[in-house]
Structure formats: structure tokens, C-alpha cells
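[1] Fold the following.
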Amino acid sequence: MTRPLTPANKTLGRSNWTWQDGLLILVILSFIVAIIRTASKFTGTFEPELTISTNINALPGYTAQTLIRMGLAYFFSLIFTLLYAYTAYRSRIAERILIPMLDILQSIPVLSFLPGVVLALISLFPGQRIGVELAAILLIFTGMTWNMTFSFYQSLQSIPRELLEASRVYRLNPWQRFWTLELPSGVIGLVWNSVMSVAGGWFFLIAIESFTLGNKDFRLPGLGSFLGTAANKGDFKAIFWGLALLIAIIVATDFFVWRPLIAWAERFKLEMIETENAPQSWVLDTIRRSPTLRAISDRVFQPLQTALDDSLIRSFPVRSVPINAKGNLNLPSFLNWIFVSGFSLIVLWGTWEAVLLLRTLSWDDWQQVMKGAMLTALRVIIALILSLLWTVPVGVAIGRNRRLAQVLQPLVQIAASVPATALFPVLLLGLTRIAGGLQIGAIALMMLGTMWYILFNVIAGAQSIPSDLIEAASVYKLSRLQRWRTLILPAIFPYLITGIISAVGGAWNASIVSEYVTFQGRVISTSGLGATISHATATGNFSLLLASTVIMSLLVVLTNRLVWRPLYNLAQEKYQLLA
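    Residues are numbered from 1 along each chain as shown. From the prediction side, this is the model:
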């Protein structure tokens, strides 16, 4: 579907230059200058004794550096998502390795990636700040990319068979098929999960920008370290201004980035009738009306795109790439052998190194890990159940009601993006006074890293329901219960399972900041696997950190393999939308 032109945006033939064009060009140039000036600070000598100021005047500079890190992390996440999910979708051998590996990677907490990533990059750039900056970007990347990759892979698997058959009838080569069928099929889910992934990056921002490893401090100037320092000092004024600026950034990002993308993605929705109350965006309309940008696109980008398309179409004709009936590439056997052999070698080497490190643990350490795993697993289950109770109905309401989405989407994005660790000074005042303290309060804090994955996936699923099916339900006068049972739940089921898979991994990851809190110079913690990981990272106990990470990964992977993956396969087989 293509978004219909209204009197406000029927301007394709207009050539008059307006103030919007000047403002747009000025904003673009200002962003380029700001990015270059901020990025120049990432070089130079690293200062291990860096003092983070809680003066409000330092906030603009700190925020600019954080935005650069977030932007680069999202860019790398998007590239990784497209390559990883597409490779798993098109190659049966790669799918059997990459998808289980994705389960493992998303189950590893951010703090467990931290020692290896930081030490490796610091060794590559000794004494230079760029090494620590790259480590922070990669850690933010690990908090963003898994959810996007699962979403895009699920969208590729859900392409209607009739459209796949049509691509073969029209003899599209892999390049044409990707841009005309496969990428458009995942745009809606990819946009909504990008919102969630960026929110996930904000969630762990404090832990990433102000982390310690043993007795070494790897603090970086940024909004996250500002909020972390203010929270540790109990400086509520600095916390207020930091959170206010964070919320302002989230609102601005929603207005200038996510709303235009959501409105643009509507054109890829699979439906037979025109949608009423389609998402609107003033920014998108301004870009479409701009004769300056249209001229640049027509004279610069369009010729380059045409030349690239023509060269790739000639380089990869249809018959040169063998594809089976299900759309998988039939790669030569020697390529499969190289892929499997290389992967096996890496696994064997990593297993041997892990065994050498785990041999140093005592029986008491293993008992601590197992006890913490059971307690954290119980909190994860409770947090998941409580999250499902409200995210499914609210997500469907937002996804089906455009006006409601316009109001609630920014609010939900703000709530999902505010780092829980920044709220700890306020939350702890209440949690320490209730029965159970942090033992129960950790569940509430864990939900902040769980429920948004489900909510955004349900919203994407509800938005992808064709309007003609909604019209058919109205024509047949189905009751509310019948609509949920025969249309809504089957339609959102694949998205819901994808959200749950990401949510479970997010809950386990959130345990590292929910069960172990540094507040006003003292540590408040409760028994759990997340607390064990945080304590092991802070003290530099790599053996205990590895054991805790391995147990957490095993629990997440086994749950995905035995529970969620069978349900995911059921969703693909029984609830796939047919064209």
C-alpha cells in the first residue's frame, strides 16, 4: 500500500523554494558540524581518573557524546540485523547454527561482555580513549541488536508463500527479491523494534558509561555517567535535570525520527483496501514537499541507485544462484564445510579456555551460582506473567487505533527509555520500606527491562493486520471475544512469541541492575544470579563471572529451545498470513 496523497502533501510538482527547505538544510548542516566537533573528543589519551561533573552546564556536552555513541551503535545494529537475519533465512546450514547462537548471544548480560570487549580493545589502542569509546559503543550494540535481529528474521519467515512464488515467476534475482519483497516485509516490525532497541540502549547506559573492572575505572563523559554519578551522590537536582533532558531527547527523537519512519513504513503494509487515519508526520510531509531534497535525490542518488541495481542484476542473474523451493540458497558443499569447520574450531577453542577458567571455582561458588539462578528464574517468570497481563491488550489498542497511537507512543517510548538505574534513588526510598525490600522490588525493576519488548512487538503485530480483515470481521458482526480468538490473537501470535523471546533475555539482563545497586556509596543487593554477575564484575572475579554467565545462558537457551521455539514454529506453520 502507498500512503495516499492529501491536499497537504500533493506537492510533487511544486518547485517553489520555501522556508521549510532553508530550515531543513540549516538543521542538516548544524548536525554535521555538531557530529564532527563531538567526535573529535573521542580521540586523545584516556584519563582513568576522570571526574564526572554533576554541574548542569556540563550536560549539553555530555549528552552530545552519548548521542554519538547511541547513533553509531544503532547503525552497527541495523547492519548486523540485515546481514545476520538474512543469512540465517537464506541458508539452511547457517540457520541451524546462527539462530541457536542468537539465543546464546541475547542471553549473555551486558556486563558479561564487558571484560573481554574492554580488555581486547584497550590492548589494540593502549592508553588511547578511542579503545574505551569503541568498547562502550559495542556494549550499547549488544543491548540493541538481538531484538531487531529476531524481529527481522521472524518477518522473513512470515512472508506469504504466494508472494515467494510470484518472485520466482517474475524471475527476480536475490538482489531484486531482497529490495522488492524481503526487506519491505520486515519494515514495520523493524521500525517498531528499533524503537525498543534504542530504548534498551538507554536502559543500560549508566552501566556502560560508568563501568569498573576490578580496581580499574573506565568511566566516560556522557549522560549515563552523569546520571550514575548524580544517583551515587544522591544529588536529586542533577538527577531531575538529567532525566528531563533525557525525556526531551526521547520526545524529539520520536517526533523527528520514529514518527516519520512509522508513517513511511505504512506503505509496506499488506492490505487490499485504503487505510483510514493512517499515521501522519509533519517531518515526513516536509521532506516529501521539499524541492531541494527531491532535486538532490533525482540528480544524485537516483542515478547512483540505478547504476548499482543494473550492475548487480547483471552480476547475479537468476540462474547463477541456485535456490530451492523454500527460498534457501543451495550453497556449494565446500562453502558449507568451511562455515561449519570454522564455527566448530571457534567453539572448541572457547570451550577449552572456559574449562581452564572454571576449574578454579570452589563448591561454595557453584552453590552460590545455582541458588542465585533459581531465585532469579522465579523473578523472571513473575515479571513475564505480570508484563503479559497488560502489554497484550494495550499493544493491540495502540496498534489498531491511530489516534491513540499518536498520544501513547511517545509516552510508552519515554517510559521504556528512562534508565531504571537513574530512578533507583527514588525507587529505593520506597522499596527499602516495604516488606521484602529489594527481593520483591527487583521484580518491579526487572519488568522495566521486560515488558517493553512484548509491548512493541504486539504493536507491530496489530499494525500489520490487514484492514480488509478488520472490515470483514465487522461485516460478519463478530463479537469482541470472537475477534480476539479468530483474528487478533492468531495475527499477533508470531510477533508475541518474538517479543517474549526477547523479553525473557531482557529480564535476565535486567537482573544485573535490579539485584545489585550502588546507592550513595553503599551497595544494596539481594540474592540472585544478576547480583552475582554484578559483584563478580565489580571485583574482577572472572571465574565466577564466567560460571554465572554460562548458567544464565543455559537457562535462557533451554527455555527458548523447549518452550518458545516450538511455539514460534507453530506460529509460522499455523498462523502465517496468506496473500
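
[2] Phi and psi next, for residue 361.
    phi -80, psi 150 (degrees, to the nearest 10).

[3] List the residues that contact it.
    Going by Cβ atoms under 8 Å, 6 or more residues apart in numbering, residue 361 touches 543-544, 547. From N, CA and C alone the C-beta is placed, and that goes for glycine too.

[4] One more pass at 6 Å, please.
    By Cβ atoms under 6 Å, 6 or more residues apart in numbering, the contact set of residue 361 is 543, 547.

[5] Just give me the residue closest to the centre of this structure.
    residue 197 (2.3 Å; Cα atoms, centre = their mean).

[6] so for the helix or strand containing that residue, what's the average pLDDT?
    According to DSSP states H and E, residue 197 maps onto helix 183-203. Average pLDDT, helix 183-203: 83.

[7] which helices and strands sit right next to it?
    Contacts defined by 3 or more Cβ pairs under 6 Å, 6 or more residues apart in numbering; DSSP states H and E place helix 183-203 against helix 129-157, helix 259-265, helix 402-417, helix 451-463.

[8] Tell me which other helices or strands the next helix-or-strand element following that helix touches.
    As assigned by DSSP H and E, the chain's next helix or strand after helix 183-203 is helix 205-209. Judged by 3+ Cβ pairs under 6 Å, 6+ apart, helix 205-209 is in contact with helix 129-157, helix 223-233.

[9] Those helices into CSV, with extra columns for mean pLDDT, distance to residue 463 and mean neighbour count?
    CSV is the format used below for the helices and strands packed on helix 205-209 (pLDDT from 0 to 100; distance: least, Cβ to Cβ, whole Å; neighbours: other Cβ atoms under 10 Å):
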stretch, mean pLDDT, distance to residue 463, mean neighbour count
helix 129-157, 85, 13, 24
helix 223-233, 81, 31, 25
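
[10] Put together CSV for the ones you listed, with distance to residue 442 on each row.
    Below are the helices and strands packed on helix 205-209 laid out as CSV (distance: least, Cβ to Cβ, whole Å):
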stretch, distance to residue 442
helix 129-157, 19
helix 223-233, 17
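
[11] Those helices: which one's closest to residue 397?
    Closest approach to residue 397 among the helices and strands packed on helix 205-209 is made by helix 129-157 (20.6 Å; Cβ to Cβ).

[12] Return the distance of the closest one from the chain's centre.
    7 Å (Cα atoms, centre = their mean, to the nearest Å).

[13] after that helix, next one along is what?
    Assigned by DSSP H and E, the successor of helix 129-157 is helix 161-169.

[14] How about exporting the following helix or strand past that next one as CSV, limited to the C-alpha atoms?
    Once helix 161-169 ends, the next helix or strand along the chain (criterion: DSSP H and E) is helix 174-177. What follows is helix 174-177, C-alpha atoms only, in CSV (Å, rounded to 0.1, in the frame of the first residue of the first chain):
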residue,chain,number,x,y,z
PRO,A,174,18.5,-12.3,-4.9
TRP,A,175,19.2,-8.5,-5.0
GLN,A,176,15.8,-7.7,-6.6
ARG,A,177,14.0,-10.1,-4.3
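
[15] other SSEs contacting helix 174-177?
    Using 3+ Cβ pairs under 6 Å, 6+ apart, helix 174-177 sits against no helix or strand.
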